[in-house]
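Novice: Take a look and give me a structure for this.
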Amino acid sequence: MVAPSFDPTHTVRFDLPQGSVRAGQDGDPVLLIPCAALDDLVLSAPTEAVEAMGRALGSAIGRRAAARLGDPNSASIEAFITQLAGEGAVAGLGVLSIERWGRALVVVIEKSPLVGTLLAPLVASAIEAAFGRKVWSALLSRDEHAARVLVASEGAVERAREALASGMAWGQALAMLHGGKQ
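Specialist: Okay, the predicted model is just below:
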């Protein structure tokens with residue numbers, strides 16, 4: 001089986017005479033902003049606004065990844081993640097990969113300049129935009145190297161959030177979701 005690949009040709013187009021930057025096949029307008037400015041905005045904004053920002057970023061990335069696949073529902077998870085990771089990299093999101101923990105899917109984002117509070121809604125909305133169905137997510141961990149976002153059922157995400165809020169380590173929370181005793 002041939003490993004899926006990402007072709008970055010024409011993913012971002014700069015029109016300097018018009019002062020615009022466009023991304024994707026349809027040429028969605030994008031804005032290049034310093035991460036420090038985005039961090040300041042996110043850290044001072046209400047939770048609902050931060051979630052809306054993350055969802056807007058993720059939706060655009062997910063739509064572009066889906067457009068590359070044609071029909072994401074017929075693509076393998078590897079092919080989808082390759083396109084999603086490529087679009088995320090072009091957007092400056094970081095290096096995206098997945099880990100499977102039983103039936104749970106964990107999206108790993110390494111070297112991301114984004115604050116953790118943006119990442120869970122971003123991941124959920126990217127998958128939602130690509131597949132057209134509701135997705136639930138929770139930020140499991142965020143450190144200077146990587147963030148981990150759980151993508152699971154609504155109930156599993158809620159149980160994971162409760163476990164994390166009680167002080168449980170993210171690995172233990174995932175094990176608990178699969179019936180492991182902690």
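
Novice: Surely E154 touches A138?
Specialist: No: between E154 and A138 there is no contact under Cβ atoms under 8 Å: 10.5 Å. Every residue, glycine included, has its C-beta placed from N, CA and C.

Novice: what ranges do the strands span in the protein?
Specialist: Taking DSSP state E as the test, the strands found in the chain are 12-15, 20-23, 28-30, 95-101, 104-110, 136-142, 146-152.

Novice: Reformat these as a markdown table; add mean neighbour count.
Specialist: Below are the strands of the chain laid out as a markdown table (neighbours: other Cβ atoms under 10 Å):
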| stretch | mean neighbour count |
| --- | --- |
| strand 12-15 | 11 |
| strand 20-23 | 16 |
| strand 28-30 | 12 |
| strand 95-101 | 15 |
| strand 104-110 | 19 |
| strand 136-142 | 21 |
| strand 146-152 | 22 |
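
Novice: looking at those strands, which is closest to A75?
Specialist: A75 sits nearest to strand 95-101 of all the strands of the chain, at 13.8 Å, using Cβ to Cβ.

Novice: ok, that closest one: who's next to it in the sheet?
Specialist: strand 104-110 (antiparallel) (DSSP bridges).

Novice: average pLDDT across the strand it pairs with?
Specialist: Over the span of strand 104-110, the pLDDT mean works out to 95.

Novice: Repeat that for stretch 52-64.
Specialist: Stretch 52-64 carries an average pLDDT of 95.

Novice: contacting residues around the spatially most central residue of the chain?
Specialist: Central residue of the chain (Cα atoms, centre = their mean): V123, 2.6 Å from the mean position. Residues near V123 by Cβ atoms under 8 Å, 6 or more residues apart in numbering: G58, V107, I109, S137, V149, V151.

Novice: who's the closest residue to it other than its chain neighbours bridged to?
Specialist: Of all residues not flanking V123 in the chain, V149 sits nearest, at 4.5 Å (Cβ to Cβ, 6 or more residues apart in numbering). Here V149 sits in beta bridges with V107, L139, going by DSSP bridges.

Novice: Make sure V149 is actually in contact with S141.
Specialist: No: using Cβ under 8 Å, V149 is not in contact with S141; the gap is 9.1 Å.
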